[in-house]
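J.: Return atomic coordinates for the entry below.
(chains A and B)
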Number of protein chains: 2
Amino acid sequence: MVSSSLVYPSPKTVWGKLSQALIGKTLPNEKLSEEKFSVFWGLPVLASDAISSVAYAGEEILYVLVPVIGLLAYGQMFHIAMAIVALLFILVFSYRQTIEAYPCGGGSYIVAHDNLGTLPGLTAAATLSIDYILTVAVSSSAGTAAITSAVPELLPHRVAITLFFITLLTIGNLRGIKDSSRMFGIPTYSFIFAMLIMIIYGIYKVHVGGFIPQAIRTVPEFTGEITLFLILRAFASGCTALTGVEAVSNAIPNFREPAQSNAIKVLFLLALIVLFIFGGTSYLATLYHALPNPDETVIAQIASQVFGASPMFYIIQLTTALILVMAANTAFTDLPLLLSLLAKDGYMPRQFAQRGGRLNFSNGIEFLGVSSAILVILFQGETHLLLPLYAVGVFASFTLSQSGMWVHWVRGKAAGWRHKAAINGFGAIVTFITVLIIGATKFMHGAWIVCILVPVFIFGMLKIKAHYSLVAKQLSLPISEKSAVGTIRADQERHIIVPLASLNRASFKALLYAKRLAGYHSIRAFHVSVDAESAEKLRRKWSEFGLDVPLIIRVSPFRDTISPLLDYIQSEEEAFRQDDLITVVIPQFVVQKWWHNLLHNQTGFFIKNRLMHDPRVAVVTVSYYLKEG
Amino acid sequence: MVSSSLVYPSPKTVWGKLSQALIGKTLPNEKLSEEKFSVFWGLPVLASDAISSVAYAGEEILYVLVPVIGLLAYGQMFHIAMAIVALLFILVFSYRQTIEAYPCGGGSYIVAHDNLGTLPGLTAAATLSIDYILTVAVSSSAGTAAITSAVPELLPHRVAITLFFITLLTIGNLRGIKDSSRMFGIPTYSFIFAMLIMIIYGIYKVHVGGFIPQAIRTVPEFTGEITLFLILRAFASGCTALTGVEAVSNAIPNFREPAQSNAIKVLFLLALIVLFIFGGTSYLATLYHALPNPDETVIAQIASQVFGASPMFYIIQLTTALILVMAANTAFTDLPLLLSLLAKDGYMPRQFAQRGGRLNFSNGIEFLGVSSAILVILFQGETHLLLPLYAVGVFASFTLSQSGMWVHWVRGKAAGWRHKAAINGFGAIVTFITVLIIGATKFMHGAWIVCILVPVFIFGMLKIKAHYSLVAKQLSLPISEKSAVGTIRADQERHIIVPLASLNRASFKALLYAKRLAGYHSIRAFHVSVDAESAEKLRRKWSEFGLDVPLIIRVSPFRDTISPLLDYIQSEEEAFRQDDLITVVIPQFVVQKWWHNLLHNQTGFFIKNRLMHDPRVAVVTVSYYLKEG
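T.: Residues are numbered from 1 along each chain as shown, chains lettered A, B, ... in the order given. All right, here's what the predicted structure looks like:
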């Protein structure tokens, strides 16, 4: 049966109960419109990705600069951070236009697909899909790093903690949109608040309080030079901060009405918060000379100097951990949406387009949870190794999206199109330059993997599309086929075969059913005998019961009971009218416990499996239920 | 369908071709009588277990004695070895009588079951089954040890080599009995021959040639005392040498006529060979002061002193390795036979009673291969750790078998019964004492595991028997049910339901089939709609096609398309006569490549799965075949 449908675990089973306890009760369709974001609750869900990246983006910049230019890194870092914030504002203005033009959600895939064509659309979709999976792996690993910075005893359990976070996120998202915006909003606001306190108090402590920060480790004087390549590499590393912008324009349908203006509000709020926190922490890193190292994050180093071992230090670490995990949540909001769009267009398995029991795209959520967990296990929670794979894809999709918007305005020539095209065109150029910078400086560090994965994803999507098109073509039923209905007559011939191993209650039930089905028509019982004795026994019982059904017995010298049946059916098919089916009625009995199945030859199952692929056979199973005890 | 049948892999598939290349062509039933042992070829297959145990039994004795009493161990070892050989002869005379009394194979299970009752029979079966699995693991590990003694570079690959041997044995045995007796006979005879040469030349070299052996490592003088417990422990360790005797009496049906006297000949030949080789090597160990150590076997130490680094040293090691692997083969001959007997009696899954393509009990062979491989992996090829688990079971089954024989003679009171009962009674007492000795001295070293496993096995076998009895009872069809045949009338009502998601070629085919099946009777199409639009579309197409089949549409607010169908079927069942079935015709399409299945909702599959367990429903699948490209 071809259909778009759901299968829920039966609420009577253990799995069903567990699933309901974790995910909540199944919701009816009418509930769909209720589950929407306000600006206040939408901001944390969609902006946490961008806001949280300050927790590692600054550190990534220092990782590039410090080993080469030592103390000089801090000055450069602040400039680079400001360049990235400028880039963010360019993106915000560009995406503001996308939101206005695409009220139903304008992710890169839709914009590129609509305006540039299939292949650019799929490219955007592929890079975004990879990035969302990476986001979950990277952000939850970084969240774990925030915790292990505060409690170093937990370092050996890094991978387990990260997987725990991913599991929590998956379950939280399976519960549904609104639940998750509540669940995730509070930590995001706590983080913003905690960071504001740290920035203000941190600056006050040095400039007003006269505190002289002492670097925990002395920064060695390096002899390296400040080259353009170095600055660009640091810039490329910092660009991971800008991955959350796409999320807002993609998620417009999740906003309450007026959805577009709400989304734009969120977009601007997001940019302001990033400006303040990213700028502020970069400045603090410069003041307090934090040094990147794998066991203690830069934020942790700043916080420990600003607050000492006071509770605020732990609050900073905790809220950082939480918002990083929330950032992973952005991907959980977005990737399932993207996959559902792709599935609707036939580029992804159509299961991704179905809303689950809680009205979200549960298959996409589960897919994201599993694939990011695999990444974390493969990379043993080393965030750092995944980051180069990440930024190049984000900016490639930005470029495709902005170019698409440029084409949109230029083609449409609506009022003010020149102004709008200029903004998106500028966005496209800036993001394209960023792609080139990231690609050039990070290619050897892993960006090449993305260059292989994206074509593989695209190839897969095209294959899926080809299959769906083929199926649709072959299944489509033109009205010309209507005549077939007329050829059916009630007294038409029916050919029924009942294979049986012996005459017992199960096969007797099947036989009686087949007789009733056959009406006045042809029905035959078929038995394969391995030894003459059992054949004779069956024949005797047959006549005892006075069964007026012809019994055909074949001897199988090779003890194979299936092939003779298949041969017989084939010979029947050849002797038979082309447009009718042969009905094979297979008796089977149903056991009560799973292990009982191991105790029986699954002959019926194997026969079914073989015949299932024969378009000229209709396979009927008649079950006989075995009671226990 | 309840039946005893086989499913061969289709010879067209890769798996089918590979399987034929490895295992050989399927043999017809008539070939069964040809595949039998002569004395000459039967001896190596059945005796290799007993003969090969000299390769480790002597070493096991030294492992117990040397750490306590140092050099004094060698004298004691020879005495203990002779005691074990005496025990062997008692067993041979006892089993000679078993063979005469049970011409169709008198394994411990049969003898104990027949004469002592179900529980003792199952106890024997359980201990034997465990032992056969252990034999394969222990012997192939010991074979690997012989190789790594000669080529120490291979030590790190111990587990892989052992698994390779087990795979070879499994394939060899799947090929069939005769093939395997050829395949395995030559190495056994080579081993016997090589050992004879070593014993004769080794004694000659010292006593005539005046060679003074020098212990490779100096044996430290230990202060321990020769206690009775120590001697008994050493004796218990050496008893692992006697595990092959059961094999001969179990395998009588595998012998050529006259099977019984051929089996007895093999039994005596076996005892003589063990006497000579075990006695001889024990004497050599005494002469050459071989010291047990995990990296070089005792046999290897003796051989290297007797032959130096000449080719004979390597021949000894190679033939030892081969016969140990062959010894594992004894279990491959015997366990499948035992399992088939248990299966025939309903204590094991009946698949074990089927002869495979090559006329052997292939399921038993595969089961043994897999379970022993698991043991080897779990114990990382450490033979030594498995041995204590092993001997206690062997002697428990000996005791049960001999006690059974004693009851047999005492009950039967045939000519000479007193004499025969005396022999088996004596055997029973001696083996029972051995059980006590092994149990007492080895309990803490692992024999306790057997004491847990045996009851678990017995419990499992009783559960299986209970299930089969229940099934047989519930399925049995008394002649009184004959009247049901008369109630079937050709014009009887038929209720047919066709669930469909849309009207396409696949569901149309199912619908036409169902109409033909229904004759003049009730047929309904059933559609679950998630949105009103698709329902309206279907209704329109329905009238376009002029389908005179009532279309029932249900709306599912929870997007679950299966439950409404199940509800509908249930309501039909309630409205319906008790003794008839509702026919549900499920359209499905068959895709060409496995991954295409991932692209479709398996709704049909889930519906089938749910309905399969409903005894009031007959499920029909009508397949529509999708062509590629």
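J.: contacts and neighbour counts: CA atoms only from here.
T.: Fine.
J.: At the geometric centre of chain A, which residue do we find?
T.: The centroid of chain A falls nearest to A:Leu368 when counting by C-alpha atoms, centre = their mean (3.2 Å).
J.: Figure out the helix or strand that that one lives in.
T.: Secondary structure from DSSP states H and E places A:Leu368 in helix A:362-378.
J.: Now that helix: average pLDDT?
T.: Helix A:362-378 comes out with an average pLDDT of 90.
J.: Could you export it as PDB, keeping only the C-alpha atoms?
T.: Only the C-alpha atoms of helix A:362-378 are listed here, as PDB (Å, rounded to 0.1, in the frame of the first residue of the first chain):
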ATOM      1  CA  SER A 362       9.900  13.100  14.400                       C
ATOM      2  CA  ASN A 363      11.800  11.100  11.800                       C
ATOM      3  CA  GLY A 364      14.000  14.000  11.100                       C
ATOM      4  CA  ILE A 365      14.600  14.600  14.800                       C
ATOM      5  CA  GLU A 366      15.500  11.000  15.400                       C
ATOM      6  CA  PHE A 367      17.800  11.000  12.300                       C
ATOM      7  CA  LEU A 368      19.600  14.000  13.600                       C
ATOM      8  CA  GLY A 369      20.000  12.600  17.100                       C
ATOM      9  CA  VAL A 370      21.500   9.300  15.800                       C
ATOM     10  CA  SER A 371      23.800  10.700  13.200                       C
ATOM     11  CA  SER A 372      25.300  13.400  15.500                       C
ATOM     12  CA  ALA A 373      25.800  10.800  18.200                       C
ATOM     13  CA  ILE A 374      27.700   8.700  15.700                       C
ATOM     14  CA  LEU A 375      29.900  11.700  14.900                       C
ATOM     15  CA  VAL A 376      30.600  12.300  18.600                       C
ATOM     16  CA  ILE A 377      31.600   8.700  19.100                       C
ATOM     17  CA  LEU A 378      33.800   8.600  16.000                       C
END
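J.: How about that helix and chain B, any contact?
T.: No. Judged by C-alpha under 8 Å from any C-alpha of the partner chain, helix A:362-378 makes no contact with chain B; its nearest approach is 12.0 Å.
J.: which strands and helices sit next to that helix?
T.: Helix A:362-378 sits against helix A:118-150, helix A:158-175, helix A:311-344, with contacts defined as 3 or more C-alpha pairs under 8 Å, 6 or more residues apart in numbering or on different chains; DSSP states H and E.
J.: which of the residues in the second one are buried?
T.: Neighbour counts using 16 or more other C-alpha atoms under 10 Å in any protein chain shown place A:158-163, A:165-167, A:169-175 of helix A:158-175 among the buried residues.
J.: Sort these by pLDDT and name the bottom one.
T.: Lowest pLDDT among the buried residues of helix A:158-175: A:Arg175, with 79.
J.: ok so, going back, which one of the helices and strands packed on helix A:362-378 lies nearest to chain B?
T.: Proximity of those to chain B was assessed by C-alpha to the nearest C-alpha; the nearest stretch is helix A:311-344, lying at 9.8 Å.
J.: Off-centre distance for the closest one?
T.: Centre-to-centre, helix A:311-344 and its host chain are 13 Å apart (C-alpha atoms, centre = their mean, to the nearest Å).
J.: check whether it contacts chain B.
T.: No. If you take C-alpha under 8 Å from any C-alpha as the test, helix A:311-344 misses chain B, and the best it gets is 9.8 Å.
J.: buried sites along that helix?
T.: Neighbour counts using 16+ other C-alpha under 10 Å place A:312-344 of helix A:311-344 among the buried residues.
J.: now do stretch A:286-304
T.: Of the residues in stretch A:286-304, A:286-292, A:296-304 count as buried by neighbour count, 16+ other C-alpha under 10 Å.
J.: what two of the residues you listed have the greatest distance between them?
T.: Among those, the pair separated by the greatest distance (C-alpha to C-alpha) is A:Leu287 and A:Glu296, at 17.7 Å.
J.: Tell me how many other residues surround A:Tyr95.
T.: 27 (other C-alpha atoms under 10 Å in any protein chain shown).
J.: Go ahead and confirm it touches A:Ile252.
T.: No. Checked against C-alpha atoms under 8 Å, the pair A:Tyr95 and A:Ile252 is beyond contact range at 11.8 Å.
J.: next one: the host helix or strand of A:Ser401 to chain centre, how far?
T.: Secondary structure assignment for A:Ser401, by DSSP H and E: helix A:388-412. From the chain centre to the centre of helix A:388-412 is a distance of 22 Å (C-alpha atoms, centre = their mean).
J.: So which elements touch it?
T.: Using 3+ C-alpha pairs under 8 Å, 6+ apart, helix A:388-412 is in contact with helix A:108-116, helix A:118-150, helix A:228-238, helix A:417-442, helix A:447-475.
J.: and if we set it to 7 Å?
T.: Under the contact definition 3 or more C-alpha pairs under 7 Å, 6 or more residues apart in numbering or on different chains; DSSP states H and E, helix A:388-412 sits against helix A:108-116, helix A:118-150, helix A:417-442, helix A:447-475.
J.: Show residues contacting stretch A:546-557.
T.: By C-alpha atoms under 7 Å, 6 or more residues apart in numbering or on different chains, the surrounding residues in contact with stretch A:546-557 are A:Ile523, A:Arg524, A:Ala525, A:Phe526, A:His527, A:Val528, A:Ser529, A:Val530, A:Pro564, B:Pro28, B:Asn29.
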